[in-house]
Structures are given as structure tokens and as C-alpha cells.
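> sequence and predicted structure below; questions after.
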Amino acid sequence: MNNNQYAQFLLTALLAAKRAGEVILEVYNSDFAVEHKDDNSPLTLADKRSHEIIVNGLKQPITTNSNEYLLNNPSVPILSEEGKDIPYNGRKGWEYFWLVDPLDGTKEFIKRNGEFTVNIALIHRDKPVLGCIYIPVQDTFYFSAVNLGAYMLANSKIITGDLSIKTLLDISQRLPLSAHTKKAHSHTNQCTSKKNTPLTIIGSRSHATKELSEFVDKIKKRCGKAEFISAESSLKFCLVAEGKADLYPRFGPTMEWDTAAGQAIVEQAEGRVVDMQTKEPLRYNKNTLVNPFFVVSGQGFPFTQLEHSW
């Protein structure tokens with residue numbers, strides 16, 4: 001797939017995420033019921049409607065401005081949290097596929113705290129090559145594609161069916177943002193290149209663990225200055241990509257659709273998302289869709305100096 005094709009796929013994902021976000025907010029602002037899946041995790045009408053809209057949106061044929069088909073998009077498989085289970089033997093040969101979490105942070109949605117997202121990623125073999133995260137309550141997109149970079153856009157109104165990739169990138173902000181970037185500063189702290197600035201570790205309030213506390217304590221001892229902030233769903237990936245956080249360690253269960261879009265964005269923002277054991281990037285379309293424990297680091301973070309801390 002060439003850069004032009006990736007660009008068109010990105011525009012398709014953004015439009016699908018925007019439309020999903022609109023129906024999510026409709027449910028969010030109503031009196032909605034909560035069901036529970038077999039694993040006792042919550043499920044709402046918003047999850048279901050978002051899934052349907054994204055699947056329909058991603059199946060639309062992708063065209064160029066000359067109206068020539070680039071790729072028969074319905075041929076690209078879709079693996080979604082709210083979709084049907086697809087056995088490994090049925091998907092292990094996929095070269096490209098969409099990996100979707102229609103509503104990441106259903107518990108936050110139910111709490112009405114706004115910290116939930118729509119996640120769409122494109123996987124090439126076992127690597128995320130495109131990512132789109134939409135935060136409906138903030139009306140903010142974080143997105144990326146290989147060879148295009150990572151960006152933030154705080155205005156969904158411009159996301160339309162006739163939007164060009166050039167216009168999109170021209171009005172979006174490249175990540176990490178210059179106001180937060182750690183480049184071009186002398187190091188007064190070996191753990192961060194922001195001058196006189198403590199390391200910022202981000203984690204989840206709802207998934208605090210003993211391992212996380214121990215990790216934060218180790219980093220504080222090694223770095224001297226470190227602060228801990230919290231956020232839910234894929235917002236943590238977004239804040240690392242943006243440059244507002246340096247590290248996001250995850251000691252707890254996650255699924256591939258929870259991390260793929262965020263990993264694509266962080267990596268295009270010159271960060272890393274790695275398995276804590278192997279120190280290699282997370283891989284996708286495994287036999288089991290459960291992720292190992294992982295750590296996300298932002299641009300300029302001296303990863304090799306600290307990797308023995310976990």
C-alpha cells in the first residue's frame with residue numbers, strides 16, 4: 001500500500017469515527033440502559049450503535065479525487081470488540097485488517113466523566129500502520145499514518161467526505177506539540193530532556209495496581225523528580241504522543257483493540273510502545289488477543305537508560 005492509499009484510509013477512518021462519536025453523544029445525553037457481557041464488562045446502546053456505524057463506514061469504497069478506486073475497501077477485514085469472534089485460523093493470514101474499539105472506556109461513559117474514546121487502527125501483518133482516536137466530549141482527534149506523522153485536530157466539523165489529506169494536515173497540529181516537546185533542551189534530569197521539569201508518569205485511576213505503585217517508586221528514586229497524573233481509556237496514549245506525559249506503564253489486562261490506534265499514533269510521534277518483558281513493540285493478530293504488560297514512552301525519553309527499572 002502506498003502513501004496515497006494510507007492517506008485515503010485515514011480519511012475514511014476519521015469520518016467513521018466522527019459519525020460514531022455523534023451517535024455516542026446522543027446516547028450519552030439520554031437515559032440509557034447498561035447490559036453486561038459474558039465477562040461481566042458493561043455494554044450500552046452506544047457501544048452497539050458505534051460498532052455498526054464504524055463497520056458500515058469502513059466498508060465504503062475508497063476513491064481518489066479522480067473517482068478511481070484505490071482499493072475495494074469491503075475486502076479489508078474488520079476485527080471489533082463488539083463484533084463476532086473470529087478464530088485465529090480464520091484471520092492469521094490477513095495482510096491488512098481494521099482493528100476497532102467502538103467505545104473505549106465504557107465504564108467512563110457510564111460514569112459520564114467524558115474520558116472515553118473511539119479507536120480505529122489499520123494493521124499491516126502484525127504492526128499498526130494507521131491510528132485514529134476520537135474523543136467525542138472534547139471533539140478532538142488524534143491520528144496518524146506511516147510516512148505522514150501524528151497529528152491532533154480539535155474540530156470535527158472539517159471532517160467531511162470531500163476533505164483532502166493536504167487540507168487535513170494543514171489545519172492540524174503535528175505531534176508532539178512544540179509547547180511540550182522535549183527536544184533542544186539541556187538535560188538537568190537524566191529521565192527527561194525538559195529542563196528543570198519532572199518526569200510525568202500517566203496511569204489509570206481505575207486500574208491502579210501494586211506493580212504500578214512499585215514502578216512509580218522505582219522511577220522516582222532513579223529520576224529524583226517525577227509526578228503521577230491519571231486519565232482513562234486511550235487518552236493516556238494521546239497525552240504521551242502530545243508530549244504532556246513521558247511514560248505510561250500498564251500492569252493489567254488489555255486487548256489488542258485497546259492499544260492499536262494509540263500505538264500507531266505514539267510511534268508516528270517518535271515514541272515507543274513496548275512489551276515490558278521483551279522490550280519489543282507490541283504485535284497484533286496474535287492467537288490470543290490479550291496484550292502483555294507494556295510501557296509507552298514519549299519522544300526523547302531515554303528508554304535504554306531506564307528499561308532495567310521495570
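Great, that's in hand. Residues are numbered from 1 along each chain as shown.
> going forward, measure contacts between C-alpha atoms and count neighbours the same way
OK.
> for the stretch 1-150 of the chain, which segments count as strands?
Under the criterion DSSP state E, counting those that start in this stretch, strands of the stretch 1-150 of the chain are mapped to 34-36, 42-44, 62-63, 69-71, 78-80, 96-104, 117-124, 127-135, 140-145, 149-153.
> rank those by pLDDT, which is bottom?
Here the strands of the stretch 1-150 of the chain differ in mean pLDDT, and the lowest is strand 69-71 at a mean of 47.
> this structure: helices as residue ranges?
Using DSSP state H, the helices of the chain run over 3-28, 45-58, 88-91, 106-111, 165-171, 210-223, 235-242, 256-268, 303-306.
> make a markdown table out of the strands of the stretch 1-150 of the chain and add distance to residue 176 and mean neighbour count.
Formatted as a markdown table, these follow (distance: least, C-alpha to C-alpha, whole Å; neighbours: other C-alpha atoms under 10 Å):
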| stretch | distance to residue 176 | mean neighbour count |
| --- | --- | --- |
| strand 34-36 | 37 | 11 |
| strand 42-44 | 33 | 18 |
| strand 62-63 | 29 | 18 |
| strand 69-71 | 31 | 14 |
| strand 78-80 | 28 | 21 |
| strand 96-104 | 23 | 26 |
| strand 117-124 | 19 | 28 |
| strand 127-135 | 15 | 27 |
| strand 140-145 | 11 | 26 |
| strand 149-153 | 8 | 24 |
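> save those strands as JSON lines, and put in distance to residue 276 too.
Shown next, in JSON lines, are those (distance: least, C-alpha to C-alpha, whole Å):
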{"stretch": "strand 34-36", "distance to residue 276": "31"}
{"stretch": "strand 42-44", "distance to residue 276": "28"}
{"stretch": "strand 62-63", "distance to residue 276": "38"}
{"stretch": "strand 69-71", "distance to residue 276": "37"}
{"stretch": "strand 78-80", "distance to residue 276": "25"}
{"stretch": "strand 96-104", "distance to residue 276": "22"}
{"stretch": "strand 117-124", "distance to residue 276": "21"}
{"stretch": "strand 127-135", "distance to residue 276": "17"}
{"stretch": "strand 140-145", "distance to residue 276": "24"}
{"stretch": "strand 149-153", "distance to residue 276": "24"}
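> re earlier: okay if I get the helices of the chain as TSV plus distance to residue 296 and mean neighbour count?
Below are those laid out as TSV (distance: least, C-alpha to C-alpha, whole Å; neighbours: other C-alpha under 10 Å):
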stretch	distance to residue 296	mean neighbour count
helix 3-28	23	20
helix 45-58	26	20
helix 88-91	27	11
helix 106-111	22	18
helix 165-171	25	12
helix 210-223	13	15
helix 235-242	7	27
helix 256-268	8	28
helix 303-306	10	12
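> okay, the ones you listed in CSV with mean pLDDT and distance to residue 153 next?
What follows is the helices of the chain, written out as CSV (pLDDT from 0 to 100; distance: least, C-alpha to C-alpha, whole Å):
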stretch, mean pLDDT, distance to residue 153
helix 3-28, 96, 11
helix 45-58, 96, 19
helix 88-91, 96, 33
helix 106-111, 94, 22
helix 165-171, 97, 8
helix 210-223, 84, 31
helix 235-242, 97, 11
helix 256-268, 98, 13
helix 303-306, 63, 28
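> nice, that's everything, thank you.
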